[in-house]
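J.: I would like to see how this sequence folds:
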Amino acid sequence: MKTELQPNGKYLVTPDNRRGQVNLVWQAQPSSGSGGSGSGGGGGGGVLKFEWKDRRTRTVVDSLSVFPEDGCTYTKVPTGRDGDRVFLLQYGRSSDRRFFFWMQDKWSPDKDKEDDASPEGGEAA
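T.: Reported below is the predicted structural model:
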């Protein structure tokens, strides 16, 4: 994504046009002690990652750690145009930790489902 400050004080955002996939990934941390179950339950034991992966190369382009104290939100951005599917991942109220995602296709083949474009595992967020 490219951002450019305009004379009116607003930013022109040019999206990255690569096809990708958004996922929530739990990365368990090795337990320091008695073996542990590795389930991620209990005392934390891991990190939740919001990842954008390039579908063609299958490489992770963006990997953002999400912690409960960050107060992250993932919301649809109203653009005023029908069919636009732009979403914002924001860390708390900080304006310098905003990540926009433009979705091209619905993630669910069921057209009757709500159009929320939640990443896989979105209910965990």
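J.: Test my guess that V22 contacts W52.
T.: Yes. The criterion here is C-beta atoms under 8 Å, and V22 meets it with W52 at 5.5 Å. Bear in mind the C-beta positions are built from the backbone N, C-alpha and C, glycine included.
J.: Overlap of the contact sets of these two?
T.: Common neighbours of V22 and W52, counting by C-beta atoms under 8 Å, 6 or more residues apart in numbering, are F101.
J.: who does the residue nearest to the spatial centre of the chain bridge with?
T.: The C-alpha lying nearest the average C-alpha coordinate of the chain belongs to F50 (C-alpha atoms, centre = their mean; 4.6 Å). Using DSSP bridges, the bridge partners assigned to F50 are L24, L64.
J.: Any idea how many residues pack against F101?
T.: 21 (other C-beta atoms under 10 Å).
J.: Then the one 3 residues further on?
T.: Neighbours of Q104 under the rule other C-beta under 10 Å: 10.
J.: Please settle this for me: is it part of a strand?
T.: No. Assignment of Q104 by DSSP: H, G, I helix; E, B strand; the rest coil gives coil, placing it outside any strand.
J.: So it sits against G83, correct?
T.: No. Checked against C-beta under 8 Å, the pair Q104 and G83 is beyond contact range at 10.5 Å.
J.: And the strands in the chain, which stretches?
T.: Secondary structure of the chain (DSSP state E): strands at 2-5, 11-14, 20-28, 46-54, 60-66, 72-76, 86-91, 98-102.
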